[in-house]
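# Turn this into a model:
(one chain, ligands or ions: 1)
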Amino acid sequence: MTGSGAGRAAVVGAGVGGLTAAVALRQQGWAVTVLERARILEPVGAGLGIAPNALHALDAIGLGDDVRRFSAVQGQGGIRRPGGRWLVRTDLGALADRFGDPQLIALRSDLVGLLAASLADGSLRTGVTITGVDALDSDRPARVFTTDGELDADLVVAADGIHSLIRATLFPTHPGPRYSGLTAWRFVAPHTAGARSVEPSETWGRGTVFGVVPLADGRVYCYASAPAPPGVHHDDETAELKRTFGAWHDPIPGLMGTVAPGDVLHDDVYWIAEPLPAYHRGRVAILGDAAHTIRDDFPDRHRAAEHRDLAGWARRTHDDGPAAGPGSGLDTPTLGNGL
Ligand SMILES: Cc1cc2nc3c(=O)[nH]c(=O)nc-3n(C[C@H](O)[C@H](O)[C@H](O)COP(=O)(O)OP(=O)(O)OC[C@H]3O[C@@H](n4cnc5c(N)ncnc54)[C@H](O)[C@@H]3O)c2cc1C
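Reported below is the predicted structural model:
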């Protein structure tokens, strides 16, 4: 690695975290290779709330305005009871006054597509699984072991998600992710005549939540969560949603009625309950869900804000080298829930 930033960086994981880091590093002159185990970057995921500080990070890498173009602004909305009564009305426009930008909602696949398109040609290697990393000697390049051979790198960015192999390798005594007690569903309801009149809202039952957020194209992003034991899946997740939320206020039953079972994403929610002792080891920096997945009682809390750190960190690598990992100057991770 050189002080000019003209080193080789291997980014493990092509999620929002890894791709954002890769774009930022490329802009700082690094030769970047992104290693992703999925064979193709499929348009997975549903909606994604983009908090103002995440947007500021995207501005720092020159992509903020592209994101604004395909996103909807979350304006007035609020919190409701299952019968429909509003508990509180909120105006998310106030966020813009306080933080300089509004809360946006986009399709995750649009954001991932934009980030991937901003990489250098040939720098994304899909269908490659990382099987190990040797990071502990800062006098020589790190070595990444993959199903497609070995790779030396001056900097390794571990963005391999909540069940990170690299985290477990670097911090073998860390207990890893903990189940939150909640299971979550997400889907995008197709465009319907009434969709434009849907107000953004989150409805709170007893430990259960259902959120509806209109997207820019007229479709509606829906998310829900409920207490459940881990690992329980249903043959028909739509039926399970209707069983839990079918008697709730309009437009919830109608929105659930438009979605095919195969289009509902269902995940148990895990989090990193015990903070890591550091976000780097040797030449490896760890970020995103791999580093600090927060507990998300209501799944639409906005965590991509760490990418604000990423942009600043990418700038710092220019002078400091890989030891200055994301969060290295911070006592605690800065996340979107600071809103
Ligand atoms: C229900 C729900 C709703 C959410 N809503 C929001 C929201 O509205 N706004 C928001 O900001 N955040 C939201 N989040 C959180 C957000 O989705 C995550 O924080 C974010 O996607 C994490 O990105 P990441 O890049 O760190 O990890 P990931 O997106 O998990 O990416 C990790 C990548 O690494 C790859 N990988 C893993 N292991 C290997 C390996 N060994 N070799 C090669 N590749 C590997 C994976 O295939 C994957 O592509 C939500 C989360 C949940 C569960």
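# contacts, neighbours, all on C-alpha from now
OK.
# Surely residue 6 is in contact with residue 29?
Yes - using Cα atoms under 8 Å, residue 6 makes contact with residue 29 at a distance of 5.2 Å.
# So for the two, which residue has more residues nearby?
For residue 6 versus residue 29, neighbours defined as other Cα atoms under 10 Å are more numerous around residue 6 (17 against 14).
# can you count the residues close to the nearest residue to the more buried one once chain neighbours are set aside?
For residue 6, ignoring the flanking residues on the chain, the nearest one in space by Cα to Cα, 6 or more residues apart in numbering is residue 30 at 4.8 Å. As a burial measure, residue 30 scores 25 neighbours (other Cα under 10 Å).
# and residue 30, what does it touch?
5-9 (Cα atoms under 8 Å, 6 or more residues apart in numbering).
# can you map out the helices along the stretch 51-200 of the chain?
Applying DSSP state H, counting those that start in this stretch to the stretch 51-200 of the chain gives helices spanning 52-60, 64-70, 93-99, 108-117, 165-170.
# Tabulate the ones you listed (a markdown table), appending distance to the ligand and mean pLDDT.
Output for the helices of the stretch 51-200 of the chain, formatted as a markdown table (distance: least, Cα to the nearest ligand atom, whole Å; pLDDT from 0 to 100):
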| stretch | distance to the ligand | mean pLDDT |
| --- | --- | --- |
| helix 52-60 | 8 | 96 |
| helix 64-70 | 13 | 97 |
| helix 93-99 | 15 | 86 |
| helix 108-117 | 8 | 96 |
| helix 165-170 | 6 | 96 |
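# Could you dump those into CSV with distance to residue 80 added?
Below are the helices of the stretch 51-200 of the chain laid out as CSV (distance: least, Cα to Cα, whole Å):
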stretch, distance to residue 80
helix 52-60, 24
helix 64-70, 28
helix 93-99, 19
helix 108-117, 26
helix 165-170, 39
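# Mind exporting the C-alpha coordinates of stretch 220-240 to CSV?
Listed next in CSV are the C-alpha coordinates belonging to stretch 220-240 (Å, rounded to 0.1, in the frame of the first residue of the first chain):
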residue,chain,number,x,y,z
VAL,A,220,-46.1,0.3,-1.9
TYR,A,221,-43.3,-1.1,0.2
CYS,A,222,-44.7,-3.1,3.1
TYR,A,223,-42.9,-4.6,6.1
ALA,A,224,-44.1,-6.4,9.2
SER,A,225,-42.6,-8.1,12.2
ALA,A,226,-43.9,-10.3,15.0
PRO,A,227,-42.4,-12.3,17.9
ALA,A,228,-41.6,-15.9,17.0
PRO,A,229,-39.1,-18.6,17.8
PRO,A,230,-36.1,-18.6,15.4
GLY,A,231,-36.2,-20.7,12.2
VAL,A,232,-39.9,-21.0,11.8
HIS,A,233,-40.9,-20.8,8.1
HIS,A,234,-44.3,-21.3,6.4
ASP,A,235,-45.1,-22.8,3.1
ASP,A,236,-47.2,-19.8,2.4
GLU,A,237,-45.8,-16.6,4.1
THR,A,238,-48.7,-14.5,2.6
ALA,A,239,-51.2,-16.7,4.4
GLU,A,240,-49.2,-16.3,7.7
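# roughly how far is that stretch from the heart of the chain?
19 Å (Cα atoms, centre = their mean, to the nearest Å).
# partner strands of the host helix or strand of residue 11, parallel or antiparallel?
Using DSSP states H and E, residue 11 falls within strand 8-12. Sheet pairing here is set by DSSP bridges, and for strand 8-12 it gives strand 31-36 (parallel), strand 155-158 (parallel).
# for the record, mean pLDDT for the longest one?
This means strand 31-36. Per-residue pLDDT over strand 31-36 has a mean of 98.
# Equivalent analysis for stretch 119-139, please.
91.
# Need the distance between the two termini of it.
28 Å (Cα to Cα, to the nearest Å).
# buried residues in it?
By 16 or more other Cα atoms under 10 Å, the buried positions in stretch 119-139 come out as 119, 123-126, 128-130, 132-135.
# what residues does the strand holding residue 11 touch?
For strand 8-12, the surrounding residues in contact (Cα under 8 Å, 6+ apart) are 1, 18, 21-22, 25, 30-36, 130, 153-160.
# Could you tell me how many residues sit around residue 107?
24.
# Could I get the pLDDT score of the closest residue to it other than its chain neighbours?
In space, and not counting its chain neighbours, residue 107 is closest to residue 47: 4.5 Å by Cα to Cα, 6+ apart. Residue 47 carries a pLDDT score of 93 in this model.
# Kindly report the same for residue 1.
Value listed for residue 1 in the pLDDT field: 46.
# repeat for the one 5 residues further on
In this prediction, residue 6 carries a pLDDT score of 70.
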